[in-house]
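Student: Kindly generate the corresponding structure for this input.
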Amino acid sequence: MTGWFEPEQLLRTGVRVLVSEIFGQNADRRLLDALAHAKIDVCDYSAHDELWLDYVADTGDGWNSTYAVAYHVAQPALELVDPRGVRHDTRRGQVLVFGGDQVYPTPSRDAYEQKLVAPYRTALPRSDTPQPSVFAVPGNHDWYDSLVAFTRLFCGARDRAIGGWRARQTVSYFAVKLPHHWWLIGTDVQLDSDIDDPQLEYFRRVATQMEVDARVILCTAEPHWIEEARYARFDPAMTQRNIAYLEREVFGRRVEVFLAGDLHHYRRHEARDGRQKITAGGGGAYLAPTHHDLREVSELPDGFALAASFPSAEESRRLSWGNLLFPRYNPSFGVVTAVLYLLLGWSVKIPLASVATHHMGRVLAGLRDAVLLSPTALVWGVVVILFFIFFTDTRSPVQKRVGGTLHALAHLVAAFLVGWGGAAVATRVLPAGPPWAQWLVVGAFLLVGGYVLGAEIMGLYLIVSLNVFGRHDTEAFSSMRIEDFKSWVRFHVTPDGALRIFPVALRRVARRWRAAAPADTTPSLLVPDDPRATSASLIEPTIVLPGTAGP
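Tutor: Next comes the predicted model:
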């Protein structure tokens, strides 16, 4: 799994994000692709009596988690048991949709090959004619190289194979005509920008081909309905404007299912009229929490209410305490805090080695004078505070300043206490030693203390931020790199025109795999070899949207 708190990874990802924010919206590849492919076809499955479709989002992280989902998706048939004990026989999708962020942490040709293509090619190296199709919605991680690697893999004038699946789209958005007047629409909202004009024009042409009673499954890269519920009061621009425009102005309010990844869990919101908003980003990336924002997302605008989530809020809260072991999950992060504590400690020259702990007044006075008389110490302190204010995850300016300052003060106090303790030990061990020897002892204390305490303070900060204030959900769970609790969604357009929705879960993925034998009767090259791995099951009973189309 990607080590998001590894120093090298933090630097690389930060550079990519900065570059994409500065240049991404000024180098819109969608316009060039639209010019290169003036005629964008609609993939047509409407002649089928029924159709199965798999939706997998946020893939391409660790092998175990990504391949576990790919393996189950690739099986020709999959028996799923729902929480009531009812068994459901399902089939591999004739259409596979990747819902965004196909590779982590940043895209490249090699990254896609290693983290996406290889797992899915191993799960289904070949398939019989007619081959199942694969379509992909680009997410923000796919856009970090301006969509170059994504386009090379999924788009083009000719069909391209990803194992046994055949890529059919020519640009980064698509429309698929399903049986019984159902339509699948995939959008490309580049780094939260507006939908470009060629894409809008394409969807307008698609809308003219839709039947009067057509019903739409709309795939977007991010669940904007969640972001709006959480942050709209802080940022009025945080709205579902792209989704709302497509639904209202283009497809004429025919959207029955809104589908998105980006958040690495499963959540379903249901309206009173049966419409669904589903977040399904459990395709392979680290798990994301479900308990931190229940008050904000339990009720969404237009009457959508939270109906189900995976993992449950109770399981999610229990898992969050894993950040007590933050130094264990992120061993190299301590190097950053160790160097920070060393620089902070050595920038403050204050003779406190012989001052007893109960003389706190003298300690604070000496610290005050040392900081005010040392421009270096003052600058370091201000830089640390500003950095943690910037790091704080909230749209509220007050919460950002208060939370960031308290987090910074925790590190500053810890660095001071570690340095003070090191100075006391140095004067006792080397009372007549040269100053440089004592400095080395203090430096060793600062490095070791910074490595352990700095990382542990970060873990505690993430626990408090998540469980008390409902913030830092991404950082708090990416730090633990949880492979388990994967999920995806299987759809079935039935012969009578209904849409059946199967939310599929893997509570624990396999950690070991072996070569498939003839007796395994599977198309996959590797099969699970871990007795602790769980089989695929349903998160909740099947959701059914009744059919309305005629013969």
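Student: which residues of the stretch 51-200 of the chain score low on pLDDT?
Tutor: 157-159, 191-193 (pLDDT under 70).
Student: now the strands for it?
Tutor: 51-56, 77-81, 87-91, 95-98, 133-136, 160-162, 165-167, 174-177, 182-186 (DSSP state E, counting those that start in this stretch).
Student: Nearest to G303, out of these?
Tutor: The closest of the strands of the stretch 51-200 of the chain to G303 is strand 182-186. By CB to CB, the value is 22.3 Å. C-betas here are computed from N, CA, C, even on glycine.
Student: now for that closest one, which elements pack on it?
Tutor: Where contact means 3 or more CB pairs under 8 Å, 6 or more residues apart in numbering; DSSP states H and E, strand 182-186 is packed against strand 95-98, strand 133-136, strand 174-177, helix 197-209, strand 215-220.
Student: Tell me the helix or strand right after the helix or strand containing E296.
Tutor: Counting by DSSP states H and E, the element that carries E296 is helix 294-297. Remark: after helix 294-297, the chain's next helix or strand is strand 299-300, criterion DSSP H and E.
Student: what's that following strand in contact with?
Tutor: Applying CB atoms under 8 Å, 6 or more residues apart in numbering, the contact partners of strand 299-300 are 225, 229, 269, 277, 305-306.
Student: With stretch 540-551 instead?
Tutor: 82-84, 86, 88, 180-182, 211, 213, 215, 256-257, 268, 270, 274, 276, 307-308, 494, 496-503.
Student: how far is it from where the chain is centred?
Tutor: In terms of CA atoms, centre = their mean, to the nearest Å, the centre of stretch 540-551 is set 30 Å apart from its chain centre.
Student: list the buried ones in that stretch?
Tutor: Buried residues in stretch 540-551, counted by 16 or more other CB atoms under 10 Å: 540, 542-543, 545, 547, 549.
Student: Next step: these restricted to helices.
Tutor: Among those, no residue falls in helices (DSSP state H).
Student: thinking G303 is in contact with G274, fair?
Tutor: No: between G303 and G274 there is no contact under CB atoms under 8 Å: 10.9 Å.
Student: Which secondary structure elements does the helix holding E296 sit against?
Tutor: Checking 3+ CB pairs under 8 Å, 6+ apart, helix 294-297 ends up next to helix 224-231.
Student: Check which element follows the helix it packs on along the chain.
Tutor: In the C-terminal direction, the helix or strand that comes right after helix 224-231 (DSSP H and E) is helix 241-245.
Student: which outside residues touch that next one?
Tutor: By CB under 8 Å, 6+ apart, helix 241-245 touches 187, 189, 194-195, 218, 220, 224-225, 258.
Student: Show me what counts as buried in it.
Tutor: 242-243.
Student: that older thread, the strands of the stretch 51-200 of the chain into JSON lines, with extra columns for distance to L294 and mean neighbour count?
Tutor: Formatted as JSON lines, the strands of the stretch 51-200 of the chain follow (distance: least, CB to CB, whole Å; neighbours: other CB atoms under 10 Å):
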{"stretch": "strand 51-56", "distance to L294": "24", "mean neighbour count": "25"}
{"stretch": "strand 77-81", "distance to L294": "27", "mean neighbour count": "15"}
{"stretch": "strand 87-91", "distance to L294": "29", "mean neighbour count": "14"}
{"stretch": "strand 95-98", "distance to L294": "28", "mean neighbour count": "26"}
{"stretch": "strand 133-136", "distance to L294": "31", "mean neighbour count": "25"}
{"stretch": "strand 160-162", "distance to L294": "37", "mean neighbour count": "17"}
{"stretch": "strand 165-167", "distance to L294": "37", "mean neighbour count": "21"}
{"stretch": "strand 174-177", "distance to L294": "34", "mean neighbour count": "24"}
{"stretch": "strand 182-186", "distance to L294": "30", "mean neighbour count": "24"}
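Student: would you turn these into a markdown table with distance to P435?
Tutor: Formatted as a markdown table, these follow (distance: least, CB to CB, whole Å):
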| stretch | distance to P435 |
| --- | --- |
| strand 51-56 | 62 |
| strand 77-81 | 70 |
| strand 87-91 | 73 |
| strand 95-98 | 61 |
| strand 133-136 | 62 |
| strand 160-162 | 64 |
| strand 165-167 | 67 |
| strand 174-177 | 69 |
| strand 182-186 | 67 |
